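Asker: The following comprises the amino acid sequence and a computationally predicted model.
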Amino acid sequence: MTFHNTMLEGDLLELKDGEEADPAEAVTKALEAIDAKLSERLAALETKSADRLDRIETRLNRPGATAPKAEEPGELERKAFVSFLRAGTRGLGAEEQKALSVGVQTAGGYLAPDQFTTDFVRDLVLFSPIRGIADVRASSSHTVLVPKRTAITNAKWQGEAVATTASEPAFAQQEVEVKNLATHVDINNQLIDDAVVDVEAEVRLALAEDFGMKEGKAFVSGDGVLEPEGFMTAAGVPVVLNGHATNLSADQLIAILYSLAPAYRSASTWLMNGSTLATIRKLKDSQGNFLWQPGLVAGQPETILGRPVVEAVDMPDVAANAFPIALGAFKAAYRIYDRKAMEVKANPFLLMTQDQTRFHAFRRTGAAVVQPAALRKLKMATA
């Protein structure tokens, strides 16, 4: 605390009136006077400070009042980063530039705060949910032989004492090959060690999304050579003609539904992409009723002509000569055989001299149409 010299000088002036006074005693009296004045001033300051604290405490105790928050670590950096994104270096004050710059600009540049680098922005990966409606089974071999009965016996009405006619059912078998889906990813070991996120987990997630997308597309339109056979490319699936190249016919949607046998019709599901579904939602029958109806119960699918509809992104759009809609009892018609679930294996030795780790990803599955009669495809007319 700094003392003003005027306080001491004012008290010492009294010595001039009494020349016979003891100098030591005069100094003592002056110091006592100064101490009294300081005590008086400190008391006033304490009273003022106490009043101010009481007002602050009263304000904080009001309903809804909150204590002022201390600035979180990195808050200045985040504000500086936002200012830089909006206005470049011109939008930064001196403190913000100091908080944001690391080293020289040409060497480090303007770096985002840690919070920005720990959040991944992922593109949405869409794939057709065929597994949810098909018959999915496990396989212990690279090939599955599916026995099939192709014809029944031939019983005949007979007269009295007439010998019966012999007949026998016909059988066949279908071969479903398990296909292999694979890839590998090389990652620098320094990235794995130094990244603020789990790089290996992110790579595994990317592989899972990629494999799911490739599977869904193959189950719809796979060629059956390197890919599983898709139900839209399988031979023998009956086709119903729409009658127009670009406009869906409400009458033909009714026709395709009732072209299925009753047992398959009662278990059937519509399959189409979102664009086609949007078109069908506008269609009405001859009585003016919409063909599409929302689910009446939470969690229940929407329906077309009373049968559920599943949206599959890999189905074709409505266009000339296209097959935009499939309908059928997929549990009976389409079978998926899983030999091996997706497996990711790390090989840290193959690229050790490059300081990299290779991640191998494998998936083995096969699929095919086993009952074409349970499916139907709607074909648009040729332009």
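Answerer: Thanks, I have it. Quantities reported herein were computed from a predicted structural model and do not represent experimental measurements.
Asker: Which other helices and strands does the longest helix along the chain contact?
Answerer: The longest helix of the chain (DSSP state H) is helix 23-60. Applying 3 or more C-beta pairs under 8 Å, 6 or more residues apart in numbering; DSSP states H and E, one finds that helix 23-60 makes contact with helix 5-12. Bear in mind the C-beta positions are built from the backbone N, C-alpha and C, glycine included.
Asker: what's the average pLDDT for the helix it packs on?
Answerer: Helix 5-12 shows a mean pLDDT of 49.
Asker: just to revisit the earlier point, mind listing what's buried in the longest helix of the chain?
Answerer: K29, A30, A33, I34 (16 or more other C-beta atoms under 10 Å).
Asker: Next: stretch 306-324.
Answerer: Of the residues in stretch 306-324, R307, V309, V310, E311, A312, D314, M315, P316, V318, A322, F323, P324 count as buried by neighbour count, 16+ other C-beta under 10 Å.
Asker: What separation is there between the closest residue to the first one other than its chain neighbours and F211?
Answerer: Nearest residue to R307, sequence neighbours excluded (C-beta to C-beta, 6 or more residues apart in numbering): S268, at 5.2 Å. Taking C-beta to C-beta, to the nearest Å as the measure, S268 and F211 are separated by 29 Å.
Asker: Equivalent analysis for V185, please.
Answerer: Counting by C-beta to C-beta, the gap from V185 to F211 is 12 Å.
Asker: again with M272
Answerer: Counting by C-beta to C-beta, the gap from M272 to F211 is 24 Å.
Asker: Of those two, give the one with the bigger neighbour count.
Answerer: A count of neighbours by other C-beta atoms under 10 Å puts M272 above the other of M272 and F211, at 25 against 20.
Asker: Quick check, pLDDT for R363.
Answerer: On pLDDT, R363 comes in at 92.
Asker: on that earlier part again, can the buried residues of helix 23-60 go into TSV with extra columns for distance to A235 and pLDDT?
Answerer: Converted to TSV, the buried residues of helix 23-60 look like this (distance: C-beta to C-beta, whole Å; pLDDT from 0 to 100):
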residue	distance to A235	pLDDT
K29	121	76
A30	118	73
A33	116	77
I34	112	75
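Asker: Now for the buried residues of stretch 306-324: which two are most distant?
Answerer: Taking C-beta to C-beta as the measure, the buried residues of stretch 306-324 span a maximum distance of 21.4 Å, between R307 and A322.
Asker: circling back: where do the contact lists of V185 and F211 overlap?
Answerer: Contact with both V185 and F211 is made by residues A361, according to C-beta atoms under 8 Å, 6 or more residues apart in numbering.
Asker: ok, now how distant is the residue nearest to R307 from V239?
Answerer: From S268 to V239 the distance is 16 Å (C-beta to C-beta).
Asker: what's the neighbour count on the nearest residue to Q371 once chain neighbours are set aside?
Answerer: Spatially, and ignoring its direct neighbours in sequence, Q371 is nearest to A333 (4.7 Å; C-beta to C-beta, 6+ apart). Using other C-beta under 10 Å, A333 has 25 other residues around it.
Asker: Could you tell me the phi and psi values at A333?
Answerer: phi -90, psi -40 (degrees, to the nearest 10).
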